[in-house]
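[1] 3D model of this:
(chains A, B, C and D)
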There are 4 protein chains.
Amino acid sequence: MPGNCFGRLFRICTFGESHGKGIGVVIDGVPPNVKLEESHIQKDLDRRRPGQSSVTTPRSESDRVKILSGILEGKTTGTSLTLFIPNRTGRPEEYEPFKNRFRPGHADYTYQKKYGIRDWRGSGRASGRETAARVAAGAVAKKVLAEESIRVTAYALEIGGVRAGKLDMAEVERNSVRSPDADAAEEMIARIEQVKEKEDSVGGLVETLVQGVPAGLGDPVFDKIDALLAHALMSIGAVKGLEIGKGFDSARMLGSQFNDSYFMEEGEVRTATNNAGGILGGISSGEDMLIRIAVRPPSSIGRSQQTVDMDGRECSIEVQGRHDPCIVPRIVPVVEAMVSVVILDCLLMCRAYKEWSER
Amino acid sequence: MPGNCFGRLFRICTFGESHGKGIGVVIDGVPPNVKLEESHIQKDLDRRRPGQSSVTTPRSESDRVKILSGILEGKTTGTSLTLFIPNRTGRPEEYEPFKNRFRPGHADYTYQKKYGIRDWRGSGRASGRETAARVAAGAVAKKVLAEESIRVTAYALEIGGVRAGKLDMAEVERNSVRSPDADAAEEMIARIEQVKEKEDSVGGLVETLVQGVPAGLGDPVFDKIDALLAHALMSIGAVKGLEIGKGFDSARMLGSQFNDSYFMEEGEVRTATNNAGGILGGISSGEDMLIRIAVRPPSSIGRSQQTVDMDGRECSIEVQGRHDPCIVPRIVPVVEAMVSVVILDCLLMCRAYKEWSER
Amino acid sequence: MPGNCFGRLFRICTFGESHGKGIGVVIDGVPPNVKLEESHIQKDLDRRRPGQSSVTTPRSESDRVKILSGILEGKTTGTSLTLFIPNRTGRPEEYEPFKNRFRPGHADYTYQKKYGIRDWRGSGRASGRETAARVAAGAVAKKVLAEESIRVTAYALEIGGVRAGKLDMAEVERNSVRSPDADAAEEMIARIEQVKEKEDSVGGLVETLVQGVPAGLGDPVFDKIDALLAHALMSIGAVKGLEIGKGFDSARMLGSQFNDSYFMEEGEVRTATNNAGGILGGISSGEDMLIRIAVRPPSSIGRSQQTVDMDGRECSIEVQGRHDPCIVPRIVPVVEAMVSVVILDCLLMCRAYKEWSER
Amino acid sequence: MPGNCFGRLFRICTFGESHGKGIGVVIDGVPPNVKLEESHIQKDLDRRRPGQSSVTTPRSESDRVKILSGILEGKTTGTSLTLFIPNRTGRPEEYEPFKNRFRPGHADYTYQKKYGIRDWRGSGRASGRETAARVAAGAVAKKVLAEESIRVTAYALEIGGVRAGKLDMAEVERNSVRSPDADAAEEMIARIEQVKEKEDSVGGLVETLVQGVPAGLGDPVFDKIDALLAHALMSIGAVKGLEIGKGFDSARMLGSQFNDSYFMEEGEVRTATNNAGGILGGISSGEDMLIRIAVRPPSSIGRSQQTVDMDGRECSIEVQGRHDPCIVPRIVPVVEAMVSVVILDCLLMCRAYKEWSER
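    Below is the predicted model:
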């Protein structure tokens, strides 16, 4: 059943399985004349790839991207752009023990019910490995957005209950958990290692800051920019919640506290506070966008769990293998990618009507 | 810019403004041969309509729905079904004072930036009144789902910090705030009235329980059922956050706590807990679905606020008029509608491939 | 099953049946700030409406359009624009005799097979009356295109074998068959009246000339502008064929005859001939577009025909009532409407990427 | 600008250029549990590939397809299926002479105007080589349709004015022009060779017969099956016209001649004639579908032509290289592919609503 494509004008269509030949994406609707090299994409893939540090899975994939189409002499041609990342270290045999038993928390059971068949080799299409294609597509979107001075930055706000106190963007890429707080980062790492030792896993929060978005992006009624962002981010495997601006806290605020009052600054309309997170009525206001997501702990844990097999017999299972004890550090570039795809899609939509809007 | 349509197979396309001729929806993809009368739709519209009680806006709209097309002799024909709800008590003149000033929290400024024109008559298309069309469309979806024994029930979990302690579904429609806890309901009502007196407004949480969903609904990778639900619910005006199952709490759980272990019950695969909220890998598991959203306080408040006008001059504003001090009670049927639209859309998608899935 | 919407950015969604409450359209993606009044739309509806002359159906519908949403003070707001045309002279009872028998050439049998139910009142949704909504939507598109100096003109090239010899655009709206050749028009009218007397019907050819289209419209590979035009035009009830430029004749030409060679004219690239009909590789070249469609004779004829009834019994049928003996004159504005919708849709798409294309 | 995807449920998204790394397609919405091997796809690719005979281009591509995703143990998994055909004998240098000059009949000029950049290496994305991806995707659709006893057969009805007199389906694949008439085939071949000698090219007609389609496929109003077929077929590079059933001839028929009368045969509703080509009101009737397209002569000819260069100077051009003198024989499998994609898409759509249609 279709569902592997996302976007309206900047439209991505992904494919590939965890232990198949590779992971890829076709982008339909890339603006032409954008300078693009594999190295631009590789940079973000390297941030997502496994085996980066002690807190991520030991599976060591180089994740080298190849541009298969859509480029001429270092520039996009505007035709479909295809990126492919071959799998190098697939080990389907490691999953043989789970072929017949449903791993709790994973999509094994639901895929089996949905399709009557499932790729048991490391979750197949339902693997987190699928997100490599998102990161690759997002890197292309980011490249275009950068030329428009729009910056998308995500970071680990909280891991295993340890919260970043400082928000120092310069710090984010310096530590292995991608925390904007160096001290909290150390604690987060310690927390992950402790959990990993117990063959368990842990979750956290990822926050995304979007700077430089012009006012007017997002399309009412159903394609509000927050609705599109929610669609994009909730489609990432481990995400169980999402909030914009004050989010869940706004449910306990009064209107007089929540409303962001307007004032003028250098000829621009600004808001004194930004409780709305840069979005009003589903349309960007020009203020920074702020989005937070809740990431559940990874499903694969070495500890024994109760489950059932394909024949409906109860049994236990221990999911050994190359797994992430915490997915937060590696989900950061995935979140940036999906947010970038949405922002660019909305930007293109706005441009289509620009001549009339500016009358 | 397009954005007024939602859904893939059961596709709704809405129109209309708060103080224009009315609000309506065209549904493309209605199953044929479904018994449908205006009264089925009216029932849910009556739950959403203004002027129901002391805690909602005093604007008194009868919200009488008319079926304009798609029905023959009390049955859907499978062709586009159109529902129209004329506006009876539009009073655009009440909005004259705000014509030139941006109301904080509203979409006034962002619509102006987006389109270069905005319907200032009570927010126009950005008004909460737009949701009448969603409720009407949702009632059609609910009718079809009911025949499949799928039930969607939403309720006020929390208002102004007052939380329901009991979850008695039978209680929900008995009190004016739609709380499943009669005692909490009284407190919630008192809280709203207190806030209203101060010309302020207040937010809350709405929880939705979906029962009877078969396993297998939802389409990976981007059209996961949680992603579609997030898109649908975050597109409702006042919603600032969303979570599925344990949601944000899952960010602080261990994998061994979060994973729902499987067991067999009467030949069916079941989970011992339901932390995932009935969705695994974006596909329904057959367990109850549980979705919570955060609803911010309404933007229209009588208290004085700082703002700017169309000419970029700072000024103050007091948004008097017929407003809801809390939108939670009236958003409940809107949430049920959007969830129902998504579930039916996913159900139809599954049916398309049923013959192959069940091989 | 969905299918009542068309377009990507300028998206129309139609509804209504021949003998129901009326016919309408919601347009999602209208450019804002376009001056629009009901009279602009009425003008084209009057060209399509029944009862105009001796060669069309005697059903006399005034076809008065109402704008239900999307307009403020005479301008489009950019939100969904809804147009509604109430049915005034529906006479469902006239169709009682055919309720149980399939009229040859009509969609009676196929709708019954598809939906298991069909609106027997004058073909219901499958009636040519559905095209009133297309004309209404097309009038909005035309209004926008006119501001861009793009003109869409259709006319009767041939009726019942009588072909227009001259192509005098000024003549088209002066005769009741919309022929660009006054002499041929007389013959065409005579031909229709002769056929009508014998309780029969007749077909013809409609040609469309599109002037002022800039080079660059249309989107490879599948959304070539000729493919979109074909989709749009073949979706009109009676159309059985379509060709662009030299069309079917090109199948008998040599490459050296068919290829349009280039030359320069006032600094512009032009082609010496226009066998391609203004489209190369699915993209507009800036030359005039030329599109021809084949219109079959109307299905409703008074003469006795063999058919079967709902119980599978063979029987005869005589389709009396208010029918068009030839649909060509009234299909002309429908064709213009669909072509205009496609051109505007492609124009908006181009604008979205303009900044990058013009680098 | 997007346009590289086609279909609603069985959705194909193609990529690749003539002289880039290869050509491919991602199919989103493949039914699961369908047995599929590369050899099933290769069979049709071999019918399309260049270098098959004296009447096609001498470019010799083996066109070996690789399945990159979507398969497990010889069966489709229902997730995105990717097919890739590497280019082996790309010779971009052959196109250097045309880098700066617009080849008449080709998309050179229009791509340049559209994107501000164009892949000059053998037309890039606009090359007929793009259709390899269509054939690959179509082979998957055909595999599914075959299990439903639906057969799609295309053939050369006419080449260079030489028309097939007999329609012997068994003959089609026996001659190099794919004519159903062995005698006509010889003449056609002679005609092509004669034209080729003169460094010219020639067009023709391709007819498609679809057998075994159940009644009820196609979705009114805009997604009529003939409209979808027209979209699909007119999107093939060289197609300039399309007709269904009697097509253009119907414009000269009377209603009493054109209407197909019904009768009963073995409990089934049948039509005595099939002028409608198996489609009524845009929905399949269960009779054979008959579709004809007009194919213009290939644009690349060795003869000298007038053109202009990128700097707006008039000049002449001789397009030497590896070209087809007639594309008809190789377009046959492309047509079958596109028709198959549409039929399967419509079949899946019908299945989604089957339970309600059969009430």
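[2] so is the longest helix along chain A next to chain C?
    Taking DSSP state H as the criterion, chain A has its longest helix at helix A:328-357. Yes: contact of helix A:328-357 with chain C (C-beta under 8 Å from any C-beta of the partner chain) involves A:348-349, A:351-357. (Glycine included, C-beta is placed from N, CA and C.)
[3] ok, residues contacting the one helix or strand residue A:39 maps to?
    Assigned by DSSP states H and E, residue A:39 belongs to helix A:38-48. Here helix A:38-48 makes contact (C-beta atoms under 8 Å, 6 or more residues apart in numbering or on different chains) with A:52, A:63-67, A:83, A:85, A:131-132, A:135-136, A:138-140, A:142-143, A:173, A:330, A:332-334, A:336-337.
[4] 10 Å instead?
    A:34, A:49, A:52, A:56, A:61-67, A:71, A:83, A:85, A:128-129, A:131-140, A:142-143, A:146, A:173, A:178, A:329-334, A:336-337, A:340 (C-beta atoms under 10 Å, 6 or more residues apart in numbering or on different chains).
[5] nearest spatial neighbour of the residue in the stretch 1-150 of chain A positioned nearest to chain B, skipping sequence neighbours?
    Residue nearest to chain B within the stretch 1-150 of chain A (C-beta to the nearest C-beta): residue A:107, separated by 2.3 Å. The spatial neighbour of residue A:107 that comes closest, neighbours along the chain excluded (C-beta to C-beta, 6 or more residues apart in numbering or on different chains), is residue B:281 at 2.3 Å.
[6] how many residues are close by that neighbour?
    Counted with other C-beta atoms under 10 Å in any protein chain shown, the neighbours of residue B:281 add up to 27.
[7] the one 5 residues further on too?
    Per other C-beta under 10 Å, the neighbour tally for residue B:286 reads 21.
[8] again, but for residue A:166
    Neighbour tally, residue A:166, other C-beta under 10 Å: 11.
[9] the one 4 residues further on now?
    Residues near residue A:170, counting by other C-beta under 10 Å, number 7.
[10] returning to what we had before: now the residue of the stretch 1-150 of chain A closest to chain B: how far from residue B:279?
    Separation of residue A:107 from residue B:279 (C-beta to C-beta, to the nearest Å) stands at 10 Å.
[11] how far away is residue A:11 from residue A:84?
    Residue A:11 is 18 Å from residue A:84, where distance means C-beta to C-beta.
[12] between these two, which has more neighbouring residues?
    Comparing residue A:11 with residue A:84 by other C-beta under 10 Å, the one with more neighbours is residue A:84, at 25 against 22.
[13] which strands or helices does the helix or strand that one falls within pack on?
    Assigned by DSSP H and E, residue A:84 falls within strand A:81-86. Strand A:81-86 sits against strand A:11-16, strand A:22-28, helix A:38-48, strand A:66-69, helix A:131-147, strand D:11-16, strand D:22-28, strand D:81-86, with contacts defined as 3 or more C-beta pairs under 10 Å, 6 or more residues apart in numbering or on different chains; DSSP states H and E.
[14] what about 7 Å?
    In terms of contacts (3 or more C-beta pairs under 7 Å, 6 or more residues apart in numbering or on different chains; DSSP states H and E), strand A:81-86 is packed against strand A:22-28, strand A:66-69, helix A:131-147.
[15] what helices or strands is the second one leaning on?
    Which is strand A:66-69. strand A:81-86, strand D:11-16.
[16] what about the helix or strand following that strand, near chain D?
    Sequence-wise, the next helix or strand downstream of strand A:66-69 (DSSP H and E) is strand A:71-72. Yes: interface with chain D: strand A:71-72 contributes residue A:72 (C-beta under 7 Å from any C-beta of the partner chain).
[17] where does the prediction get shaky in chain A?
    Within chain A, no stretch falls below the threshold (pLDDT under 70).
[18] quick check: residues of it near chain D?
    A:1-2, A:4-5, A:9, A:11, A:13-17, A:20-22, A:24, A:26, A:28-29, A:32-33, A:68-70, A:72, A:75, A:77-80, A:82, A:115-119, A:124-125.
[19] which of these are buried?
    The neighbour-count test (16 or more other C-beta atoms under 10 Å in any protein chain shown) marks A:1-2, A:4-5, A:9, A:11, A:13-17, A:20-22, A:24, A:26, A:28-29, A:32-33, A:68-70, A:72, A:75, A:77-80, A:82, A:115-119, A:124-125 as buried among these.
[20] narrow the contacts of helix A:38-48 to those that are buried.
    Counted by 16+ other C-beta under 10 Å, the contacts of helix A:38-48 give A:34, A:49, A:56, A:61, A:63, A:65, A:67, A:71, A:83, A:85, A:128-129, A:131-140, A:142-143, A:178, A:329-334, A:336-337, A:340 as buried.
[21] so how far is chain C from the closest residue to chain B within the stretch 251-359 of chain A?
    Residue of the stretch 251-359 of chain A nearest chain B, by C-beta to the nearest C-beta: residue A:281 (2.3 Å). Residue A:281 is 12 Å from chain C, where distance means C-beta to the nearest C-beta, to the nearest Å.
[22] ok, residue A:243 next?
    Distance of residue A:243 to chain C, computed by C-beta to the nearest C-beta: 27 Å.
[23] am I right that that residue sits in a strand?
    Yes: counting by DSSP: H, G, I helix; E, B strand; the rest coil, residue A:243 falls inside a strand.
[24] wait, residue A:122 sits on residue A:93?
    No: here residue A:122 does not reach residue A:93: they are 10.4 Å apart, not a contact under C-beta atoms under 7 Å.
[25] between these two, who's got more neighbours?
    For residue A:122 and residue A:93, the more surrounded residue by other C-beta under 10 Å is residue A:122, and the numbers stand at 26 against 9.
[26] residues in contact with that one?
    A:18-19, A:92, A:95 (C-beta atoms under 7 Å, 6 or more residues apart in numbering or on different chains).
[27] among these, which are in reach of chain B?
    Okay, of the contacts of residue A:122, nothing touches chain B (C-beta under 7 Å from any C-beta).
[28] buried subset of those residues, written for ChimeraX?
    To isolate the buried members of the contacts of residue A:122 in ChimeraX, using 16+ other C-beta under 10 Å:
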select /A:18,19,92,95
